[in-house]
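[1] Below: sequence and its predicted model.
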Amino acid sequence: MVLNLNWEIIWVFVDLLILFLLMKKFLFGPVTKLLDQRAKGVTDTIEQAESQLAQAQQQKQAYTQQLAQARGEAAHILDQARKQAELNYNRRMEEAAQDVRRLNERAARQRQADQEAMLAETRRQVAGLVLLTTAKVSQRTLDGETDQAMLDELLEEVGNEP
């Protein structure tokens, strides 16, 4: 069989060739260009997402460090506050102890003064009783001035004795 090339087949091939060239220029070129732009857009979006993810991870790490630092500072502040409170407590306890000592000393001085006053009053009363007893024993009546002079003299004598 012989290949019979007729003009019709040749025109079909020429038409197909022209159609292919036209499609290549007007259809395949813009479609390929559009697909390349799409691919580039998707690649850019993925790169932006990865960049944002990296930034988010850096921010998370920075926040974690800041949180750890804040916790450390809070612990340091609490430690200082505890120390200051302990110092204040110790100072106030020492002041209270000093106040108690002063009150005890004042109370002791007051007791001593009260004892001395009571002792002086007791001596005076004893001296008065001694004078009355002496007056009764001597069977004489003394007047108020003589009684007072004798009482003062007796108190001086009793006060000088240990």
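    That came through, no problem.
[2] which intervals of the chain have sub-threshold pLDDT?
    Across the chain, the ranges flagged by pLDDT under 70 are 1-5, 135-143, 158-162.
[3] all helices for it, in order.
    Secondary structure of the chain (DSSP state H): helices at 7-23, 29-138, 144-160.
[4] for the second one, packing partners?
    Using 3 or more Cβ pairs under 8 Å, 6 or more residues apart in numbering; DSSP states H and E as the contact criterion, the elements in contact with helix 29-138 are helix 144-160. For every residue, glycine as well, the C-beta is placed using N, CA and C.
[5] and what of the last one?
    Helices and strands touching helix 144-160, as assessed by 3+ Cβ pairs under 8 Å, 6+ apart, comprise helix 29-138.
[6] Now for Asp147, how many residues are close by?
    For Asp147, the neighbour count with other Cβ atoms under 10 Å is 15.
[7] who touches the nearest residue to it once chain neighbours are set aside in this structure?
    Among residues not flanking Asp147 along the chain, Leu131 sits closest, at 6.0 Å (Cβ to Cβ, 6 or more residues apart in numbering). For Leu131, the contacting residues are Leu142, Asp147, Met150, Leu151, Leu154, by Cβ atoms under 8 Å, 6 or more residues apart in numbering.
[8] Repeat the analysis, applying 7 Å as the threshold.
    The contact partners of Leu131, taken as Cβ atoms under 7 Å, 6 or more residues apart in numbering, are Asp147, Met150, Leu151, Leu154.
[9] Now list the buried members of the residues you listed.
    Neighbour-count burial (16 or more other Cβ atoms under 10 Å) applied to those gives Met150, Leu154.
[10] okay, now Tyr89: neighbour count?
    Look at Tyr89: counted by other Cβ under 10 Å, it has 10 neighbours.
[11] list the contacts for it?
    Under the criterion of Cβ under 7 Å, 6+ apart, Tyr89 has no neighbours.
[12] Format the contacts of Leu131 as JSON lines; extra columns: distance to Gln65.
    Shown next, in JSON lines, are the contacts of Leu131 (distance: Cβ to Cβ, whole Å):
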{"residue": "Asp147", "distance to Gln65": "99"}
{"residue": "Met150", "distance to Gln65": "99"}
{"residue": "Leu151", "distance to Gln65": "94"}
{"residue": "Leu154", "distance to Gln65": "94"}
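[13] Excluding chain neighbours, what is closest to Leu154?
    Ala127 (4.5 Å).
[14] Distance check, Thr134 against Asp147.
    Thr134 sits 10 Å away from Asp147, taking Cβ to Cβ, to the nearest Å as the criterion.
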